[in-house]
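Peer 1: quick check, what structure comes out for this input:
(chains A and B, ligands or ions: 2)
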Protein chains: 2
Amino acid sequence: MNDEARTTAQPTGLDQVNLMDRYWRAANYISVGQIYLLDNPLLREPLKAEHVKPRLLGHWGTTPGLNFIYVHLNRVIRERGLEILFICGPGHGGPAMVANTWLEGTYSEIYPEIGQGEDGLRKLFRQFSFPGGVPSHAAPETPGSIHEGGELGYALVHAFGAAFDNPDLVVACVVGDGEAETGPLAAAWHSNKFLNPASDGAVLPILHLNGYKIANPTILARMDDVELRSLFAGYGYEPFFVEGHEPVPMHRMMATKLGTALDRIRFIQKRARASGWQGERPLWPMIVLRSPKGWTGPKEVDGKKVEDFWRSHQVPVSNARGNEGHRKILEDWMRSYEPEKLFDKSGRLLPELAALAPTGPKRMGATPYANGGLLKRDLVLPDWRSLALDVPRPGGAKAEATRILGSYLRHVMRLNADARNFRLMGPDETSSNRLDDVFEVTNRVWMQRIEPYDVHLSRDGRVMEVLSEHLCQGWLEGYLLTGRHGLFSCYEAFIHIVDSMVNQHAKWLKTSRELAWRKPIASLNYLLTSHVWRQDHNGFSHQDPGFADFVANKKADTVRLYFPPDANTLLWITEHCLKTYNRINVITAGKQPAPQWLSVEDAEAHCRAGAGAW
Amino acid sequence: MNDEARTTAQPTGLDQVNLMDRYWRAANYISVGQIYLLDNPLLREPLKAEHVKPRLLGHWGTTPGLNFIYVHLNRVIRERGLEILFICGPGHGGPAMVANTWLEGTYSEIYPEIGQGEDGLRKLFRQFSFPGGVPSHAAPETPGSIHEGGELGYALVHAFGAAFDNPDLVVACVVGDGEAETGPLAAAWHSNKFLNPASDGAVLPILHLNGYKIANPTILARMDDVELRSLFAGYGYEPFFVEGHEPVPMHRMMATKLGTALDRIRFIQKRARASGWQGERPLWPMIVLRSPKGWTGPKEVDGKKVEDFWRSHQVPVSNARGNEGHRKILEDWMRSYEPEKLFDKSGRLLPELAALAPTGPKRMGATPYANGGLLKRDLVLPDWRSLALDVPRPGGAKAEATRILGSYLRHVMRLNADARNFRLMGPDETSSNRLDDVFEVTNRVWMQRIEPYDVHLSRDGRVMEVLSEHLCQGWLEGYLLTGRHGLFSCYEAFIHIVDSMVNQHAKWLKTSRELAWRKPIASLNYLLTSHVWRQDHNGFSHQDPGFADFVANKKADTVRLYFPPDANTLLWITEHCLKTYNRINVITAGKQPAPQWLSVEDAEAHCRAGAGAW
Ligand SMILES: Cc1ncc(C[n+]2csc(CCOP(=O)(O)OP(=O)(O)O)c2C)c(N)n1
Ligand SMILES: Cc1ncc(C[n+]2csc(CCOP(=O)(O)OP(=O)(O)O)c2C)c(N)n1
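Peer 2: Ligands and ions are numbered 1, 2, ... in the order given. Next comes the predicted model:
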């Protein structure tokens, strides 16, 4: 399973390799510049103390690897006309994202004050990680990103969320070997059991095996290759290793392996999209890039190992302003990229290098997939009144509110089946939460063996069930951020599992709202059931209404809480939430039989008023 | 790596198998009884409607597998004189834990009102999952449990936490194949990279591959065996498969494989504890038990598949009180265990079966490891005053508070080095949080390759760093629950990742406090740094003081929040926290250079008063 088949990709000529290497050096140069320089951006004069920032911040270690990957992705986008969305797991490698989007031009298009040329470069360097400037991490401000990356763990699950129902998309997802130690990431590899090669896009995981975290080696880096291959084979991937540190052979190897991986993807998709496909789950390719942390940076500083070690994680030379020796190391390091061979006199990237980047919306910084609001289509919603419960008088009917909602959702599913832009997520609780009605029109998606006695499993179901609240949340985030819609139904007590993810998503939304170029995305909607008042039998562990408190700490422009008292109010509120954007809506509702209070008209009046007495 | 070597364990004779099978049937019988029966506990008369509970609750599906494992563990405890701690990942299988601890006698010893014999059995059945009775999940009330199990995901990480520094302990950890889908569990397999076979105990994971969750198949169950073996080989385990459904061959296979697994553990430990051990990480054994969900229960109900399917997850026959056909199924099912061959006239387990259980504290329900307070020894603490910072007047010194704390912790490490009962956990942030001083006296534990240029890595370090807040939290919980001490240092913004675990631990502590037989355990102590006011450079994703709000929602008898304003108050508070028990202490402190305010005396006065003006 593990042997790497000969590629059908074209071998890459030395000219091409040299061009790519120069492009890579340009990206590395601009990354280092952001971390260190206040002025003298092209090193036209010898580096002086006052050219160096007084407070040095940023993460160098991961950056050269990210730049390396980016230039290779640029190549395959051009060569193959691919749509690639780049997910930067090591989001702390913000300098790489900024450098590359500046090089390809998207950065200056979005932020015209940071132009191309020397002056723009100076500003680009200055603003990095400055209060009021750009964040040191990939963030909403970063062109081409749907992924914050500050809190590690969610790269892969976001990547899969983005790929679902985007058959023409390849999501290239860089996963840090440190990030791979987190729970959410460890679980996310299994997302391939839920991705349909016919109707979904592809995820190409690129494990960035640079060996170290902040101050430790990583688990994966110190496993032997047999174990590493076993692990990924076990997860259902075919790993292609790109290992080394000499630039030229590394470029060649990366070009070859990346080509082969993309050939595999094309082949898998072709077969799955042809008639006669039996629905087998394919063995998806992945890349393992084993390269030095802080690659091409200083080998040693003050007699201590830096390159290929964790000391390169942040700022490898710490006192470049105050200490002449350090400044010399920095200058030598930056000059090693030979900026004079990369930029013209005005400080623009030389044309033969600029020609390596894709153009227009194919640029990873400009892809509409990373600005999901551009692609978002409103859901077609049924008239909830026609599905409402007949409540002749307050208390005059008994019903399970969420069951009524299930029938509403069935219609949402049906009306948007062709658009393929609505999914329902849950940790194996869709039935328990009485939403079964949706199974009249769709199934649970399942790419593994299906037995004749299985119920509502199919290759193209739109309900996603996995026993991981992290995966439910992360898939949905990725799905929404690329312009689609969804609902996550969960037991109230366990939703705290994703507190931290909700936090980060709320921050993303808040910041995005302030960026005119980021178009609004659909809201993240929760349906919480099995709430505290009805959990006596499951015991104390299942009792916790604290999520409402947790969420209520956030600003009302981002977060809304709803406690519909009965079925008809639940319908009204759900419809309302499905129409909102850029919010987090938390609906808490009962699933047990309970008296019903409000007729259609009363429910509507109650909800519009936001409260009511009855 | 995967081939299963011939066992050195003794083959198990048919008599022994038959006895074990009857013991298993007794446990199954008592499990079903808890879910269903109000009266007629030994089925001395035909089953009538009024014998059946009006509201049926509980989880049958996982229970027979748990019972099967328990009886086999009983055997090896007796045969080999082992100390085994049982971690019941599928904690919803509460009936199994209760049944087995009743059978072995511990239940009646702890709860004398639930005696042995028919009357005790009747009460045992009645109280199960009744308001005011016993929870349907493993819980603090459950003898032999350190693990709640309501919120799935933490079985394996608790198991490792329990095994660290307990060289004589084998932790048998049942992991549901559903639970295995969660992030925390997926990450926890790698805990073997931090367990030292010489000075720690062993964890024997038993994957309970019964195929289904609540209403879905599980990911692991539908992978082919090649992938499954690859996955666990990749995680660093040697899996032994026990597969089937016929009781007799299954008992034989389980006896053999379990014996072999324990032989492996003995061999690994022997080698590691002999001179000349080079510190290699061993390949630890694990068991994969592939058996039907709801094994031995009704095959079909109302024409629908139940055994070996998810329909057996909770209550397989739902209307046994109201529907005669259902009641017949229940009665046949219970009688299939032949209670008359298991219990004597008074309703006690027959002596030849009772003899299968271990005795005294070797019984898994009675092991002191599951009641950590019994084993807890107080930490030896240095005099914090001697380590305090000289602060001549308010503002008269500048220091990094956590660095001073590091020197205090170094002394704590040193003073308790021989007791081996204190560990420091963190997601690779110990140095970043300026606690480096501890590395003067200990290292980071690391069971993988160590390079000459690595820093402070060793096989027996007491600092545990992994990029998973879930693992840090779960290891520490397991460590504390088995009677030891620790501190978890973390960036404030990311501690929300474990909100839900903190929740569950707080509930555990609250309930335990009400159980006289549960002895107090050491508090769970957090040191949160990089707090919001100093995170401007890392950006918005790293800013969040919300954990304090989150925790403050809990009762003050369980949770305490501390915001020491400077180094000396931090020392006082840390000492204080390390002496408390049954609490969750959250200390938020600065790591950046900051003015110092309080001298030793002033700090002490300030902290004792709980506040101060200066
Ligand atoms: C959940 C979480 N815990 C801790 C951190 C602090 N942190 C920032 S970078 C880093 C190491 C990341 O290592 P890796 O993913 O391998 O990235 P790389 O080595 O390429 O920088 C850590 C622990 C974080 N960002 N997120
Ligand atoms: C974190 C979490 N999410 C959801 C649930 C709801 N739940 C209870 S049992 C269960 C299925 C468990 O499956 P498995 O671990 O395989 O146990 P078994 O099949 O042996 O019962 C689920 C999803 C839960 N208990 N915890």
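Peer 1: tell me the residues of the stretch 451-600 of chain A that contact ligand 2?
Peer 2: Where the stretch 451-600 of chain A comes near ligand 2, counting by C-beta under 6 Å from any ligand atom, the residues are A:467, A:494, A:497. Bear in mind the C-beta positions are built from the backbone N, C-alpha and C, glycine included.
Peer 1: take those and lay them out in CSV including secondary structure, pLDDT and neighbour count.
Peer 2: Converted to CSV, these look like this (DSSP: H, G, I helix; E, B strand; the rest coil; pLDDT from 0 to 100; neighbours: other C-beta atoms under 10 Å in any protein chain shown):
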residue, secondary structure, pLDDT, neighbour count
A:467, coil, 98, 26
A:494, helix, 93, 24
A:497, helix, 97, 31
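Peer 1: of these, list those near chain B.
Peer 2: A:467, A:494, A:497 (C-beta under 8 Å from any C-beta of the partner chain).
Peer 1: tell me how many other residues surround residue A:583.
Peer 2: Look at residue A:583: counted by other C-beta atoms under 10 Å in any protein chain shown, it has 21 neighbours.
Peer 1: was I right to think it contacts residue A:521?
Peer 2: No - counting by C-beta atoms under 8 Å, residue A:583 sits too far from residue A:521 to count as a contact (9.8 Å).
Peer 1: need the residues touching each of these two.
Peer 2: residue A:509 (C-beta atoms under 8 Å, 6 or more residues apart in numbering or on different chains).
Peer 1: how about the helix or strand of chain A with the lowest mean pLDDT: buried residues?
Peer 2: Scoring the helices and strands of chain A by mean pLDDT, DSSP states H and E places helix A:546-552 at the bottom, with a mean of 74. Of the residues in helix A:546-552, A:546-548, A:550-551 count as buried by neighbour count, 16 or more other C-beta atoms under 10 Å in any protein chain shown.
Peer 1: how about residue A:548: what's its closest non-neighbour residue?
Peer 2: With sequence-adjacent residues excluded and distances taken as C-beta to C-beta, 6 or more residues apart in numbering or on different chains, residue A:548 is closest to residue A:561, at 5.6 Å.
Peer 1: can you tell me the SS state at residue A:517?
Peer 2: Three-state assignment for residue A:517 (DSSP: H, G, I helix; E, B strand; the rest coil): coil.
Peer 1: hmm, it is touching residue A:371, no?
Peer 2: Yes - judged on C-beta under 8 Å, residue A:517 makes contact with residue A:371 at a distance of 7.2 Å.
Peer 1: what about these two, which has more around it?
Peer 2: Neighbours were counted for residue A:517 and for residue A:371 using other C-beta under 10 Å; residue A:371 has more, 26 against 13.
Peer 1: pull up the gap between the more buried one and chain B, please.
Peer 2: Residue A:371 sits 19 Å away from chain B, going by C-beta to the nearest C-beta, to the nearest Å.
Peer 1: ok, now residue A:506?
Peer 2: Here the criterion is C-beta to the nearest C-beta. By it, residue A:506 lies 10 Å from chain B.
Peer 1: neighbours of that residue, how many?
Peer 2: Count around residue A:506 with other C-beta under 10 Å applied: 19.
Peer 1: what helix or strand is it on?
Peer 2: The secondary structure element spanning residue A:506 is helix A:499-513 (assigned by DSSP states H and E).
Peer 1: what helices and strands are in contact with that helix?
Peer 2: Under the contact criterion of 3 or more C-beta pairs under 8 Å, 6 or more residues apart in numbering or on different chains; DSSP states H and E, helix A:499-513 touches helix A:469-481, helix A:546-552, strand A:584-588, helix B:499-513.
Peer 1: buried sites along the longest one?
Peer 2: The one in question is helix B:499-513. B:499-513.
Peer 1: any residue of it touching ligand 1?
Peer 2: No - counting by C-beta under 6 Å from any ligand atom, ligand 1 has no neighbours in helix B:499-513; the shortest distance is 13.1 Å.
Peer 1: state the mean pLDDT of that helix.
Peer 2: Mean pLDDT, helix B:499-513: 95.
Peer 1: what angle do it and helix B:469-481 make?
Peer 2: 10 degrees (axes from the mean of the first three to the mean of the last three C-alpha atoms, to 10 degrees).
Peer 1: report the distance from helix B:499-513 to the chain centre.
Peer 2: Distance, stretch centre to chain centre, for helix B:499-513: 13 Å (C-alpha atoms, centre = their mean, to the nearest Å).
Peer 1: got a list of contacts for that helix?
Peer 2: A:494, A:496-497, A:499-500, A:540-541, A:544, A:546, A:550, B:139-141, B:148, B:150-151, B:154, B:184, B:470, B:473-474, B:477, B:481, B:518, B:520-521, B:524, B:547, B:550-551, B:554-555, B:557-559, B:582-584.
Peer 1: how about 7 Å then?
Peer 2: Defining contact as C-beta atoms under 7 Å, 6 or more residues apart in numbering or on different chains, one finds that helix B:499-513 is touched by A:494, A:496-497, A:499-500, A:540-541, A:544, A:546, B:139-141, B:148, B:151, B:154, B:470, B:473-474, B:477, B:518, B:524, B:550-551, B:554, B:558-559, B:582, B:584.
Peer 1: just give the closest residue to residue A:133, not the sequence neighbours.
Peer 2: Distances taken as C-beta to C-beta, 6+ apart put residue A:127 closest to residue A:133, at 3.5 Å, once the chain neighbours are dropped.
Peer 1: how many neighbours does that neighbour have?
Peer 2: Residue A:127: 16 surrounding residues under other C-beta under 10 Å.
Peer 1: spatially central residue in chain A, please.
Peer 2: For chain A, the residue nearest the mean C-alpha position is residue A:158 (3.6 Å; C-alpha atoms, centre = their mean).
Peer 1: is the host helix or strand of that residue in proximity to ligand 1?
Peer 2: Per DSSP H and E, residue A:158 falls inside helix A:155-163. No - Helix A:155-163 does not reach ligand 1 (C-beta under 6 Å from any ligand atom); its nearest approach is 8.9 Å.
Peer 1: repeat for stretch A:195-210
Peer 2: Yes - contact of stretch A:195-210 with ligand 1 (C-beta under 6 Å from any ligand atom) involves A:208, A:210.
Peer 1: show me how chain A divides into domains.
Peer 2: If you go by the TED database, the domain ranges for chain A are A:21-361, A:375-609.
Peer 1: residue B:118: which of the ones you listed is closest?
Peer 2: domain A:375-609 (26.0 Å; C-beta to C-beta).
Peer 1: for residue B:477, see how far away residue A:325 is.
Peer 2: Using C-beta to C-beta, to the nearest Å, residue A:325 is found at 48 Å from residue B:477.
Peer 1: make JSON lines out of the helices and strands packed on helix A:499-513 and add distance to residue A:456.
Peer 2: Shown next, in JSON lines, are these (distance: least, C-beta to C-beta, whole Å):
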{"stretch": "helix A:469-481", "distance to residue A:456": "17"}
{"stretch": "helix A:546-552", "distance to residue A:456": "28"}
{"stretch": "strand A:584-588", "distance to residue A:456": "24"}
{"stretch": "helix B:499-513", "distance to residue A:456": "29"}
